[in-house]
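Q: Need coordinates for the following:
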Amino acid sequence: MVGLRTLKGYLLEEVLAWLLRTSGYRLLTEADDTARPPWKVLEKRKHGLVVRGRGAWHQADALGEFPYVPPFSLPIRLFAEAKFTGSPVGLSVVRNGHGVVHDLNAGEVTTLSNGAGPRRPRTRYHYSYAIFSTSGFTRDAQEFALAHQISLIDLSLPHLNRLCKLVKDAAEAVYDVTKSMPPSQRPAVYRLRNYVRRHLLDMYEDPVPSSAAVTRPLDTLVADLQRLPLGLVLAFPAAPFVLGLVSDDLEHFFRYARAHPTHAVRVRRSQRSAGHPLWFLEPREGRAYTLTFSLPEYVEDWILDQEEGIRSRTRRTARDLLSAITVYWVEGGHTHTFRLHYDPDEFREVSGRPRIPFSDLDLLY
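A: Numbering: from 1, shown residues only. Predicted coordinates:
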């Protein structure tokens, strides 16, 4: 029987997949791979979907794909692993994520043939890994993740307290019910996931739990989520990780960004007594929206160090030196691209670091 903490993480992954649909994130199933063996890389097995790497098959319960492809790159597939714990996520979890994507991205390039026509290369993908945590991350986990381009997204934001409580309550109710059932009648985790996906994402995969006592808490979870005025969108800075931007009403952001696809934002930072610092993005003109995210301290330091390096190599003035965060928004099959520009000096100031003068000496390096 799966433990309560693990069950909370699994349900949270399904909720995150639902929230990230506005970013174009779409969970994959075996039906998304139409190739025949030995070229097939997605396969449904007893405990759910698996994906083939160079050296092993890997469990892929929350593996999704984006509809947009970065220039000169490959289609992106993202593992979204969620940890619902009372303590920060440590190095072992991040190391495991790195091992999975390293094996997948090292997969051999094979070719397809129908036996009659010419052979053609098999479609390749770039696999990435994001770990979502309700309790942040340890320092060594941050360092390892940044070195190996594993994205760490902190969910301990006040905006997400209600969502996390809904997941916690549903997981505890399901756990209590299944604990009292005979082992042979306890539904496997993938059945629970199938049920949630059916009602949140309109993904109809069998089998699903048949016991009303098990499905009732899941129905409550789905209904409460659909009434929750909350949104989560992925954002891509010029860095080896993604950000999870949260808002009480993402429609406010979308309406403003659709009218101003490229616009300047101001940044604010709030230190917390527990947890990673909170960051806020708002339009520099007016207050049409507020986006919130939490940035692990080591990642924050890395960004600031990169900005220092840029300043020592550029011939632009500090006023013209802007960095950008790209946000993709998918609506009705159309992908919108928005660019949010922020001033690195402002980022530095609100983080508590002093502004570094941009002198002629910098131009020598």
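
Q: mind checking how far Val174 is from Asn194?
A: Taking CB to CB, to the nearest Å as the measure, Val174 falls 14 Å from Asn194. C-beta coordinates here come from the backbone N, C-alpha and C atoms, glycine included.

Q: who's the closest residue to Pro261 other than its chain neighbours bridged to?
A: Excluding the flanking residues, the one nearest Pro261 by CB to CB, 6 or more residues apart in numbering is Phe338, at 5.3 Å. According to DSSP bridges, the residues that bridge with Phe338 are Val327.

Q: in a helix, that's where Phe347 is, yeah?
A: Yes. Checked against DSSP: H, G, I helix; E, B strand; the rest coil, Phe347 lies within a helix.

Q: Quick check: closest non-adjacent residue to it.
A: For Phe347, ignoring the flanking residues on the chain, the nearest one in space by CB to CB, 6+ apart is Val267 at 5.5 Å.

Q: Where does pLDDT dip in the stretch 51-200 of the chain?
A: Judged against pLDDT under 70, the low-scoring parts of the stretch 51-200 of the chain cover residues 108-121.

Q: Walking through it, point out its helices one by one.
A: With helices called from DSSP state H, counting those that start in this stretch, the stretch 51-200 of the chain shows them at 91-105, 139-147, 161-179, 189-200.

Q: Dump the ones you listed into a markdown table; add distance to Arg287 and mean neighbour count as well.
A: Putting the helices of the stretch 51-200 of the chain into a markdown table (distance: least, CB to CB, whole Å; neighbours: other CB atoms under 10 Å) gives the following:
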| stretch | distance to Arg287 | mean neighbour count |
| --- | --- | --- |
| helix 91-105 | 36 | 18 |
| helix 139-147 | 31 | 19 |
| helix 161-179 | 23 | 18 |
| helix 189-200 | 31 | 20 |
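
Q: about what we covered before: let me know how buried the residue nearest to Pro261 is, in neighbour terms.
A: Number of residues near Phe338 (other CB atoms under 10 Å) recorded here: 21.

Q: so how far is Glu43 from it?
A: 37 Å.

Q: Also Ala80?
A: 20 Å.

Q: Give me the more crowded residue out of those two.
A: More crowded of Ala80 and Glu43, by other CB under 10 Å: Ala80, with 24 against 14.

Q: Look up the residues forming beta bridges with the more buried one.
A: Ala130.

Q: what sits against it?
A: 13, 16-17, 20, 25, 62-64, 130, 132 (CB atoms under 8 Å, 6 or more residues apart in numbering).

Q: do that again at 7 Å, thanks
A: Ala80 makes contact with 13, 16-17, 62, 64, 130, 132 under the criterion CB atoms under 7 Å, 6 or more residues apart in numbering.

Q: Show me which pair in those is furthest apart.
A: Farthest pair in these (CB to CB) is Gly64 and Phe132. Separation: 12.9 Å.

Q: Who has more neighbours out of those two?
A: When neighbours are counted by other CB under 10 Å, Phe132 comes out ahead of the other of Gly64 and Phe132, with 24 against 21.

Q: how much space is there between the more buried one and Glu13?
A: Distance, Phe132 to Glu13, by CB to CB: 8 Å.

Q: How about Val189?
A: Val189 is 11 Å from Glu13, by CB to CB.

Q: and what of Asp305?
A: On the measure of CB to CB, Asp305 and Glu13 end up 32 Å apart.

Q: same question, Leu152
A: 15 Å.

Q: count of neighbours near Trp329?
A: A count of neighbours around Trp329, defined by other CB under 10 Å, yields 18.

Q: shouldn't it be in contact with Thr22?
A: Yes. If you go by CB atoms under 7 Å, Trp329 and Thr22 touch, sitting 6.0 Å apart.

Q: contacting residues around stretch 84-100?
A: Outside stretch 84-100, the residues touching it (CB under 7 Å, 6+ apart) are 5, 8-9, 12, 58, 79, 81, 83, 129, 131, 133-138, 140-141, 144-145, 148, 150, 167.

Q: my bad, should have said stretch 126-135
A: 16, 73-74, 76-89, 93-94, 97, 100-101, 104-105, 150-156, 164, 242.

Q: how near is the residue nearest to Phe347 to Phe280?
A: 7 Å.

Q: again, but for Asp103
A: 38 Å.

Q: Just list what the helix or strand containing Asp219 packs against, helices and strands only.
A: Here Asp219, judged by DSSP states H and E, is contained in helix 212-227. Helix 212-227 sits against helix 161-179, helix 189-200, with contacts defined as 3 or more CB pairs under 7 Å, 6 or more residues apart in numbering; DSSP states H and E.

Q: Format those helices as TSV; extra columns: distance to Ser273.
A: Formatted as TSV, those follow (distance: least, CB to CB, whole Å):
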stretch	distance to Ser273
helix 161-179	16
helix 189-200	34
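
Q: nearest to Asp206, of those?
A: helix 189-200 (6.8 Å).

Q: which residues touch the residue nearest to Phe347?
A: 279-281, 342, 346-347, 350.

Q: if you look at those, which of them are in strands?
A: 279-281, 342 (DSSP state E).

Q: Pick the one among those closest to Thr34.
A: For the ones in strands among the contacts of Val267, the nearest to Thr34 is Leu281 (40.5 Å; CB to CB).
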